[in-house]
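> Predicted model and sequence below, questions to follow.
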Amino acid sequence: MGDSKGKKILLVEDDDALASVYSMRLKGEGFEVVRVANGEDALAATKEHKPDLVLLDVMMPKVSGFDVLDILRNTPETANIKIVMLTALSQETDKQRAQSLGVDDYLVKSQVVISDVVDRIKYHLGLS
């Protein structure tokens, strides 16, 4: 078991209530959490904060999670950051698109509970 202390998560979620729940849970697990509410801010925050992992919503105004994923993967300084998409989209085509863009994990909100998400984050950060 690794230590989640000092591991930084960038939470990209436009729903304040959900973001608050996730943020509290992740902080409770020892993570440092930076939260932004849209794709544009996500790109800036990734460069600024250099998180270990980005928990990325797909459906956002202006810049979608797919765009964010694409840009992060094609930017050398962010190309290796772990990216977990958490989305309301359960279509297989959306999952395939995310995978083709290089997502590390794709979780459908209606199919997971918060502890599942935390487990996946720990897994991708080598903590489990």
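On my side now, so go ahead.

> CA atoms for contacts and neighbours, from now on please.
Will do.

> what's the most centrally placed residue in the chain sitting at in phi/psi?
What sits nearest the mean C-alpha location of the chain, by C-alpha atoms, centre = their mean, is Leu55, with 1.1 Å. When quoted as degrees, to the nearest 10, the phi and psi of Leu55 stand at phi -100, psi 110.

> partner residues bridging it?
Counting by DSSP bridges, Leu55 is bridged to Leu11, Val84.

> so what's it up against?
9-12, 83-86 (C-alpha atoms under 8 Å, 6 or more residues apart in numbering).

> Next, format the residues you listed as a markdown table and append pLDDT, distance to Glu48 and neighbour count.
Below are these laid out as a markdown table (pLDDT from 0 to 100; distance: C-alpha to C-alpha, whole Å; neighbours: other C-alpha atoms under 10 Å):
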| residue | pLDDT | distance to Glu48 | neighbour count |
| --- | --- | --- | --- |
| Ile9 | 98 | 13 | 25 |
| Leu10 | 98 | 11 | 23 |
| Leu11 | 98 | 14 | 26 |
| Val12 | 96 | 14 | 26 |
| Ile83 | 98 | 16 | 25 |
| Val84 | 98 | 19 | 23 |
| Met85 | 96 | 20 | 24 |
| Leu86 | 93 | 22 | 22 |
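
> This structure: helices as residue ranges?
Ranges of helices in the chain, per DSSP state H, are 16-28, 39-49, 65-73, 92-100, 114-124.

> Tell me which of the ones you listed is the most buried.
helix 65-73 (a mean of 20; mean count of other C-alpha atoms under 10 Å).

> For it, list the C-alpha coordinates in CSV.
The C-alpha trace of helix 65-73 is given here as CSV (Å, rounded to 0.1, in the frame of the first residue of the first chain):
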residue,chain,number,x,y,z
GLY,A,65,-13.9,16.3,-21.3
PHE,A,66,-12.9,14.6,-24.6
ASP,A,67,-11.3,17.8,-25.7
VAL,A,68,-9.5,18.2,-22.4
LEU,A,69,-8.3,14.6,-22.6
ASP,A,70,-7.1,15.0,-26.2
ILE,A,71,-5.2,18.2,-25.4
LEU,A,72,-3.6,16.9,-22.2
ARG,A,73,-2.4,13.7,-24.0
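
> Brilliant, that's me finished.
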